[in-house]
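**Q** Build me a structure from this.
(chains A and B)
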Amino acid sequence: MWDYSEKVMDHFRHPRNVGVIEDASGIGEVGSLACGDALKLTFKLGEDDRIADAKFQTFGCASAIASSSALTEMIKGMTVDEAERVTNQDIAEFLGGLPEQKMHCSVMGREALEQAIANYRGESPSKKMLAGEVVCNCFGITEDEVRRAIRENALTSIEQITHYTKAGGGCRQCHPQLAAILENEQANAATPALPADAAGRSGGRLTNLQKIRRIEEVMERDIRPQLRKDGGDIELIDVDGNRVLVALRGMCANCQVSQFTLKDVVEARLREYVTAELVVEEQS
Amino acid sequence: MRPVYLDNNATTQPAPEVLDAQQPFLTTMWGNPSSMHEFGGQVRRYVEKAREQVASLIGADPSEIIFTGCGTEGDNTAILGSVAADQALRHVITSRVEHPAVLAPCRHLAANGHYVTELAVDSMGRIDETELIEALQAGGKALTSIMWANNETGVVFPIRRIAEKVKQFGGTMHSDAIQAAGKLSIDVRSVPVDLLTLSGHKIHAPKGIGALYIRKGVRIRPLLLGGHQEVNRRAGTENVAGIVALGAACEIAQRALHADHNRIAALRDRLEHGILERCSDVRINGDQKQRLPNTSSISFAYIEGEAILYDLSDAGIAASSGSACTSGSLEPSHVLRTMGVPFTMVNGSIRFSLSRYTTAAEIAHVLEVLPKVVDRLRSLSPFSATT
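**A** Residues are numbered from 1 along each chain as shown, chains lettered A, B, ... in the order given. Predicted coordinates:
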């Protein structure tokens, strides 16, 4: 078992502020089912411009649930500017520490908070998350996220980068890139640098969470009924960026025209209702 | 408090009779079986008796059994040792759902110039036998290593048919039977395997002892060099207490096999039916027709395995999960992933594995606790709230 603090176990067993605020001032969503954890954070400002209420919903392990619960407690009473300065370290400290392999749970909390604040300010919901090239394809982690975790937590090894961001925790093919980023960051840290600019580009995109949910909705509503009529079925296996991996089941699995079904029915529907860039592939 | 222990594919409770049997070899009879004096020499007889007990469980001759330090050593010795002893073995065939103790040495061989085929499984966790035949035809003498039963899903492979095919093509056949031994009847007189791995602590012996069956005439190069023990096939002073314990555990397993099998399967089925009745959005992983009697891999949509395990642990229940957070790495179970279990279900997978010590009252306790755990965690999850 993990060496969780009493406070982590307390917040896991008795999570505070579970739920969704319907008329929220800001909403942040990060993570996905594929990554193994996801967090939806909502907050509402009071008349004094301080956070009057915050609620969360989390899919994840004990420390992910505890980190989310802790975050909602921490930001209540803060102004948005104050909340913006909450770091993943603060969340971990509030909980009496997290095992290093679980630090990514605190990073997820900070990312959700950032998104919720961006959403409140009317900025694109995920501009910070999508900035920079994706380094780790397994978990969809960008270079900027890696750089930021290195700076904010003074990381010194690839193993630590994995513990804090998950990057490099899958196929390990990105380890040479992570090593280069780490070396570069350490060189920069040696000379006093300008504050990091994490702000990015790209607007109005769906978060991964929203995307998965919509894909599942469209599959359930428009695609499955059609396939089931022919004795088939479809399962969503993975969503990786705009790549949607599915498995055809039942009669569809051995069907000669399944490639037709995949492109002309499944992909067409998903492009129509979710986003035009989706590419549907069958799991081999 | 004694836990409701449903993690027997990880390790089992040492049987009281087994501990009694090994006790003298830790207290009074601690001599070295290789010694040329009666104090040590008398111990040899007990080592040989244990060898007969192990051989009897699988229908082997005692001379075909060597003792190892663990199941991993047995698998490594079988794979690396047989390839090292036979230059003609250039091709290794295995499956994607093997235990890391098999996959890692196979991938080591692949990195060192051997040709390695990893057979796929279908969504039920079954091997495609035509793919096996194609691999066997693909060329050269092959070592095939396929587990008797899978540790995560309990799916049992048709080892007799597989071994017969392998022998038709003149290859060498190894099977990791660590999860199957003591749960299914294994007889090497009717199943033409050349090598077969066993582990003590999965069948109610203590940790630190295993055995490898090596069919007469099959050559392996030992992994450990240094001593003459085990007829030069495994150097190192014998773990006598462990060996005696393994022998005793095998004898009990053989005697109790059929009664245990039926009773445990009935409890497992009661557990599964109970969960399916009480929880929605659940799926059972693996071929339910060909499964170990004690194993159940169940996935709960929208929630994560580690959180389920911690809640169960709070209620005194021990199980395991294929989720990413519990694997020690960030990757979820390679077995469930390669079966194409949707990612929504892999991270919420729980494995319950029963033993002869599991009681009906314990199953009832799980059925009372688990639905509450699932409800609680789903009430926290952003996914279930929207469906």
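**Q** can you give me the strands for the stretch 101-250 of chain A?
**A** Secondary structure of the stretch 101-250 of chain A (DSSP state E, counting those that start in this stretch): strands located at A:134-136, A:141-142, A:232-240, A:243-250.
**Q** Which strands and helices lie in contact with whichever helix or strand comes after the last one?
**A** Taking DSSP states H and E as the definition, the helix or strand that follows strand A:243-250 towards the C-terminus is helix A:258-260. Helix A:258-260 sits against no helix or strand, with contacts defined as 3 or more C-beta pairs under 8 Å, 6 or more residues apart in numbering or on different chains; DSSP states H and E. C-beta here means a position set from N, CA and C on the backbone, and glycine is covered the same way.
**Q** Tell me the buried residues in helix A:258-260?
**A** A:Ser258 (16 or more other C-beta atoms under 10 Å in any protein chain shown).
**Q** just stretch B:219-235 next, same as before
**A** Here stretch B:219-235 shows B:220, B:222-223, B:229-230, B:233-234 as buried, counting by 16+ other C-beta under 10 Å.
**Q** about what we covered before: what would the strands of the stretch 101-250 of chain A look like in CSV with mean neighbour count?
**A** Formatted as CSV, those follow (neighbours: other C-beta atoms under 10 Å in any protein chain shown):
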stretch, mean neighbour count
strand A:134-136, 22
strand A:141-142, 24
strand A:232-240, 20
strand A:243-250, 19
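**Q** Can you tell me which of these is nearest to B:Gln137?
**A** Among the strands of the stretch 101-250 of chain A, the nearest to B:Gln137 by C-beta to C-beta is strand A:243-250 (28.3 Å).
**Q** what about the closest one, near chain B?
**A** Yes: using C-beta under 8 Å from any C-beta of the partner chain, strand A:243-250 reaches chain B at A:247, A:249.
**Q** Partner strands of that strand, with direction?
**A** The pairing partners recorded for strand A:243-250 under DSSP bridges are strand A:232-240 (antiparallel), strand A:279-282 (parallel).
**Q** Around chain B, which positions in chain A sit nearby?
**A** Residues of chain A lying near chain B (C-beta under 8 Å from any C-beta): A:1, A:9, A:12-13, A:15, A:18, A:20, A:29, A:33-34, A:36-40, A:57-62, A:64-65, A:138-139, A:162, A:166, A:169-170, A:209, A:213, A:216, A:235-238, A:247, A:249, A:283.
**Q** Make a ChimeraX selection of whichever of those residues turn out to be buried.
**A** To isolate the buried members of the residues of chain A next to chain B in ChimeraX, using 16+ other C-beta under 10 Å:
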select /A:9,12,15,18,29,33,34,36,37,38,39,40,57,58,59,60,61,62,64,65,138,139,162,166,169,170,209,213,216,235,236,237,238,247
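**Q** Tell me which of the residues of chain A next to chain B fall in helices.
**A** A:9, A:12-13, A:62, A:64-65, A:162, A:209, A:213, A:216 (DSSP state H).
**Q** Take the strands paired with strand A:243-250 and write them to a markdown table, including mean pLDDT.
**A** Below are the strands paired with strand A:243-250 laid out as a markdown table (pLDDT from 0 to 100):
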| stretch | mean pLDDT |
| --- | --- |
| strand A:232-240 | 83 |
| strand A:279-282 | 86 |
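**Q** Take these and lay them out in a markdown table including distance to A:Glu133.
**A** Output for the strands paired with strand A:243-250, formatted as a markdown table (distance: least, C-beta to C-beta, whole Å):
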| stretch | distance to A:Glu133 |
| --- | --- |
| strand A:232-240 | 15 |
| strand A:279-282 | 19 |
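**Q** before we move on, the earlier item: please identify which pair of the buried residues of stretch B:219-235 lies farthest apart.
**A** B:Ile220 and B:Gln229 (14.6 Å).
**Q** What pLDDT does the model give the closest residue to chain B within chain A?
**A** Closest approach between chain A and chain B, counting by C-beta to the nearest C-beta: A:Gly169, at 3.2 Å. The model reports A:Gly169 with a pLDDT of 84.
**Q** isn't it right up against A:Ile161?
**A** No: at 9.2 Å, A:Gly169 does not count as touching A:Ile161 under the criterion of C-beta atoms under 8 Å.
**Q** Next up, the contacts around B:Thr77.
**A** Contact analysis of B:Thr77 by C-beta atoms under 8 Å, 6 or more residues apart in numbering or on different chains lists B:68, B:212, B:220, B:222-223, B:234.
**Q** residues in chain B within reach of chain A, list them.
**A** So chain B meets chain A at B:123, B:302-307, B:310, B:313-314, B:323-326, B:329-332, B:340, B:342-344, B:347, B:379-383, B:385-387 (C-beta under 8 Å from any C-beta).
**Q** Of those, select the buried ones using a ChimeraX command.
**A** Buried residues within the residues of chain B next to chain A, by 16+ other C-beta under 10 Å, are selected in ChimeraX with:
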select /B:123,302,303,304,305,306,307,310,323,324,325,326,330,331,332,340,342,343,344,347,380,381,382,383
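**Q** related to what we said a few turns ago, so can I have JSON lines of the buried residues of stretch B:219-235 showing pLDDT, distance to B:Gly113 and secondary structure?
**A** Below are the buried residues of stretch B:219-235 laid out as JSON lines (pLDDT from 0 to 100; distance: C-beta to C-beta, whole Å; DSSP: H, G, I helix; E, B strand; the rest coil):
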{"residue": "B:Ile220", "pLDDT": "95", "distance to B:Gly113": "20", "secondary structure": "coil"}
{"residue": "B:Pro222", "pLDDT": "95", "distance to B:Gly113": "22", "secondary structure": "coil"}
{"residue": "B:Leu223", "pLDDT": "93", "distance to B:Gly113": "19", "secondary structure": "coil"}
{"residue": "B:Gln229", "pLDDT": "92", "distance to B:Gly113": "31", "secondary structure": "helix"}
{"residue": "B:Glu230", "pLDDT": "93", "distance to B:Gly113": "29", "secondary structure": "helix"}
{"residue": "B:Arg233", "pLDDT": "93", "distance to B:Gly113": "25", "secondary structure": "coil"}
{"residue": "B:Arg234", "pLDDT": "94", "distance to B:Gly113": "26", "secondary structure": "coil"}
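**Q** nearest to chain A, of those?
**A** Using C-beta to the nearest C-beta, the buried residues of stretch B:219-235 come closest to chain A at B:Leu223, 26.6 Å.
**Q** The closest one against B:Ser82, yeah?
**A** No: counting by C-beta under 8 Å, B:Leu223 does not reach B:Ser82; the two are 11.4 Å apart.
**Q** Just to confirm, what confidence does the model report for B:Leu6?
**A** At B:Leu6, the pLDDT value in this model is 97.
**Q** That one: neighbouring residues, count only.
**A** 27 (other C-beta atoms under 10 Å in any protein chain shown).
**Q** Going by secondary structure, the nearest residue to it once chain neighbours are set aside is in what exactly?
**A** Of all residues not flanking B:Leu6 in the chain, B:Phe352 sits nearest, at 4.4 Å (C-beta to C-beta, 6 or more residues apart in numbering or on different chains). Under the criterion of DSSP H and E, B:Phe352 resides in strand B:349-353.
**Q** who touches that strand?
**A** B:6-10, B:152, B:154, B:268, B:271, B:285, B:294-300, B:305, B:308-309, B:319-323, B:332-333, B:336, B:341, B:366.
**Q** If anything else comes up later, I'll come back, but that's it for now.
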